[in-house]
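[1] Take a look and give me a structure for this.
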Amino acid sequence: MKPVLDPIDRVSEVIFGVLMAMTFIGALNVASAGREEARTVMIAALGCNIAWGLTDAIMYVVAMLTERSRARMLGEAPAEAPRLQVDDLRGALAVFLLVTVSTFPLVVPFLVFGELATALSASRLVALAMLFVGGWLLARYAGGNRWLAGFGMAAVGALLVGALIALGG
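    Model (predicted):
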C-alpha cells in the first residue's frame, strides 16, 4: 500500500507535534508554579496534541476536498462534486497519529524523574534530539546538508526553549 503522506508531510507533522508539546509543557511549568505533578503534565501535553492532531487531520481532509474542487473548476477533473476518498481518511489518520504519538517521548521523562525540573530538562533534550532527527531526515530527502539541517532545526527548538525559559516556563 502506497503511503498517503509524502516524507516531508510525515516529518513535518512530527516536528509540529514536538514543537507544540514543548510549548505546552513549558507553559504548564509556569502554571504549576513548581508542583511536581508528572501526571498533570503528561495528560495536558497529550491532550493538547490530541486536540491539535484532530484539528490538523480535519484540515487535511478540507485541503484534499478543496484541491479537488479547484481542479474541477479549472476543468482538470471530472464535473461531479468532489467526494471524500479512502486515501483522504488514511491521510487524516496518519496526520492525527503522527502529531499525537510525537508527544510520548517528551512526556516519558515526567514518568522517569521525580523532580519536575529534572524531568523538564530531560524532556527538552529529547525534544531537541527529535528536532535534530527531523531536520536530518528532511535534508536527506531533499539532498541537502543533513548536519546543517539537523542543527538548524534543533536551533529553532533551542530558541523556542530559550523563549519559554525567559517567559518563566
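[2] can you pull out the helices in this structure?
    For the chain, the helices defined by DSSP state H cover 7-32, 38-73, 86-101, 104-112, 116-142, 146-166.
[3] The ones you listed into a markdown table, with extra columns for mean pLDDT and mean neighbour count?
    Quick note: C-beta positions are derived from backbone N, CA and C, even for glycine. Formatted as a markdown table, these follow (pLDDT from 0 to 100; neighbours: other Cβ atoms under 10 Å):
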| stretch | mean pLDDT | mean neighbour count |
| --- | --- | --- |
| helix 7-32 | 79 | 20 |
| helix 38-73 | 87 | 16 |
| helix 86-101 | 94 | 18 |
| helix 104-112 | 88 | 18 |
| helix 116-142 | 92 | 19 |
| helix 146-166 | 87 | 16 |
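[4] Just tell me which of the ones you listed ends up closest to E80.
    helix 38-73 (7.9 Å; Cβ to Cβ).
[5] Let me know the angle separating the closest one from helix 86-101.
    150 degrees (axes from the mean of the first three to the mean of the last three Cα atoms, to 10 degrees).
[6] Which pLDDT value belongs to the residue sitting furthest away from the middle of the chain?
    Among the C-alpha atoms of the chain, the one most distant from their mean position (Cα atoms, centre = their mean) is that of A79, at 36.3 Å. What the model reports for A79 is a pLDDT of 82.
[7] So it sits against A71, correct?
    No - contact between A79 and A71 fails when scored by Cβ atoms under 8 Å: they sit 11.0 Å apart.
[8] quick revisit: how about the contacts made by the residue farthest from the centre of the chain?
    R72 (Cβ atoms under 8 Å, 6 or more residues apart in numbering).
[9] for the one 10 residues further on, same thing?
    Contacts of L89 were listed using Cβ under 8 Å, 6+ apart, and they are V61.
[10] Ok, V101 next?
    G17.
[11] ok, it to N49 distance?
    Using Cβ to Cβ, to the nearest Å, we find V101 at a distance of 9 Å from N49.
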